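1. missing the sequence, but the structure's below:
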């Protein structure tokens, strides 16, 4: 039954990724926290496992996404290459710091982030564009911020990267494609760093490698990739404004749950 839940989580996460052009980490992490708790996983590791496992699933889902974006010529690989230097460093630092944060406190932090993201999506808040592309140093600093934040919330970075690229006046289609490509170094670095950070932790359940939990990774990956394609097709048929407001309300509920319960 638990594996069926992982399959369901993957389908919802993939669908949302296709609909909104963002990863499903903000769905995967809360559901995994609840599922791991129901399995009796120690609260000292369950939130860290949820974040790490979410990042690991993004490795597989982003490969499919990046391949398609590259085929359509939407990825600015020069931009990805420069930002990835900062992304790798920021992600490694983020993982090293998150392991020092108690699980219950980490849930509160994720709850606050979910509420902020809900407000952003519901009211359509976007930064005003500067129209100026920073130098390599600025891009690496931005990449480090994206990697650091993503490592804490188990996301592929689109929540941070797309607004940043839009701020630089990069066309939205190219911004989404380039953000998807930036998600791969985030996920790879985050997954590997969490293997090291959680290696041989005494509270980990069976089928874990560090903080990665393989049954959840398998179940989510099996369904998230095909459902992402379904979401992408629906995105052209459904009212995007209504969908975003609905997803914002879901994030609001997630935030409140993590903060109050």
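-> Right, received. Where do you want to start? Remember, predicted model here, so these are calculated numbers, not experimental data.
2. residue ranges for the helices of the stretch 151-261 of the chain, please.
-> When assigned using DSSP state H, counting those that start in this stretch, the helices of the stretch 151-261 of the chain occupy the ranges 158-167, 172-197, 214-234, 240-260.
3. So for residue 124, which of those sits nearest?
-> Across the helices of the stretch 151-261 of the chain, residue 124 has its closest neighbour in helix 240-260 (7.5 Å, CB to CB). Heads up, the C-betas are built off the backbone N, CA and C, glycines and all.
4. And that closest one, what's buried?
-> When neighbours are counted by 16 or more other CB atoms under 10 Å, the buried residues of helix 240-260 are found to be 243-244, 247-248, 250-252, 254-255, 258.
5. which element is the residue lying closest to residue 190 once chain neighbours are set aside on?
-> Beyond its immediate neighbours in the sequence, the residue positioned closest to residue 190 (CB to CB, 6 or more residues apart in numbering) is residue 55, lying 3.7 Å away. Following DSSP states H and E, the helix or strand that holds residue 55 is helix 46-71.
6. Please pull up the helix or strand immediately following that helix.
-> helix 77-98.
7. if we can go back for a sec, from the buried residues of helix 240-260, which is closest to residue 170?
-> Sorting the buried residues of helix 240-260 by distance to residue 170 puts residue 244 at the head of the list, at 20.5 Å, by CB to CB.
8. Okay, now the unreliable bits of this structure?
-> Within the chain, the segments meeting pLDDT under 70 span 18, 20-23, 127, 129-131, 232, 235-236, 240, 261.
9. So for it, which residue is the most central one in space?
-> For the chain, the residue whose C-alpha lies nearest the mean C-alpha position (CA atoms, centre = their mean) is residue 155; its distance is 1.3 Å.
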